[in-house]
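A.B. asks: sequence below, structure please.
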Amino acid sequence: MPRLRQVPRAEVTDPLVASVYQALFGDRDPVAEPGTATGTPGHWWTVLALAPHVLEHFVQCSRMYMGPKLSLDPMLRELGQMRAGWLNGCQFVYSQHCKMARGVGLADEQIDAIKAWQVADCFDERQRTVLAYVDCLVSQRGRVPDAVFAKLKSFLSDPEIVELTYVTCCYDGYSVLTRALRLEYDDRDDPVVEVAAPDAYDGADFMGGRR
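C.D. replies: Below is the predicted model:
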């Protein structure tokens with residue numbers, strides 16, 4: 001279960017939360033009867049509903065990046081969102097934006113290759129430059145070499161770079177939030193744990209000796 005309480009429909013008083021619940025869950029109580037059209041449990045919405053102003057900000061961000069004012073190519077947008085989810089180990093963001101990427105025209109080969117784009121030959125030079133920039137944003141926390149930024153500017157306008165940076169950083173944050181609160185597909189234990197040795201193990205090192 002998520003680490004925070006979920007808001008059942010009967011407790012909803014905020015109009016925005018009510019409209020989101022209706023759009024995603026119909027007349028169901030999403031806590032008692034979870035599930036969205038894409039197959040997710042729906043924890044993201046029922047937990048963020050604890051702070052309606054936060055949910056409102058997320059909804060506004062989603063409307064912005066999918067709205068007509070955004071000049072950035074939607075394929076590049078989705079490359080950034082998918083890669084941010086993958087780099088952060090966020091199953092929810094990665095999985096959902098694989099679907100979104102397919103919807104804006106990225107091929108299954110490209111979606112599969114997002115994990116190791118550096119050795120893939122299915123991306124053009126503009127897409128590879130965007131992915132290199134996204135890696136700097138997420139893995140290097142914004143430390144972008146001048147050469148990467150100069151190459152990016154050869155493909156994108158200044159406003160497009162602002163849009164790409166903003167949307168990618170939003171989804172970097174959403175990936176972290178999802179894992180921290182154990183929402184949706186990230187409601188799972190950390191797989192990196194000590195694996196118990198056989199009962200006969202006496203504490204020697206791996207080569208059989210002692211220090």
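
A.B. asks: CA atoms for contacts and neighbours, from now on please.
C.D. replies: OK.

A.B. asks: run through who's touching the longest helix belonging to the chain.
C.D. replies: Longest helix in the chain by number of residues (criterion: DSSP state H): helix 158-181. When contacts are defined by Cα atoms under 8 Å, 6 or more residues apart in numbering, helix 158-181 is touched by residues 2-4, 44, 65, 70-72, 76-77, 80-81, 84-85, 88-90, 92-93, 134, 137-138, 152-153, 184, 186-187.

A.B. asks: dump the residue contacts of the most centrally placed residue in the chain.
C.D. replies: Nearest residue to the geometric centre of the chain (Cα atoms, centre = their mean): Val93, 2.7 Å. With contact taken as Cα under 8 Å, 6+ apart, Val93 is in contact with Gln81, Met82, Gly85, Trp86, Tyr171, Tyr174, Ser175.

A.B. asks: and Ile114, by the same measure?
C.D. replies: Leu79, Met82, Arg83.

A.B. asks: rerun that using 10 Å as the cut-off
C.D. replies: Contact analysis of Ile114 by Cα atoms under 10 Å, 6 or more residues apart in numbering lists Leu79, Gly80, Met82, Arg83, Trp86, Tyr94, Cys98, Ala120, Cys122, Phe123, Leu131.

A.B. asks: which of those count as buried?
C.D. replies: Buried residues within these, defined by neighbour count using 16 or more other Cα atoms under 10 Å: Leu79, Gly80, Met82, Arg83, Trp86, Tyr94, Cys98, Phe123, Leu131.

A.B. asks: can you show me the helices along this protein?
C.D. replies: All helices of the chain, identified by DSSP H, fall at 15-25, 43-48, 52-65, 74-87, 91-103, 108-113, 125-138, 146-155, 158-181.

A.B. asks: between the fifth one and helix 74-87, how big is the angle?
C.D. replies: The one in question is helix 91-103. Taking axes from the mean of the first three to the mean of the last three Cα atoms, to 10 degrees, one finds that helix 91-103 is oriented at 160 degrees with respect to helix 74-87.

A.B. asks: kindly report the same for the third one.
C.D. replies: For helix 52-65 and helix 74-87, the angle between their directions (the same axes, to 10 degrees) works out to 140 degrees.

A.B. asks: over to the last one?
C.D. replies: Here the directions of helix 158-181 and helix 74-87 differ by 30 degrees (the same axes, to 10 degrees).
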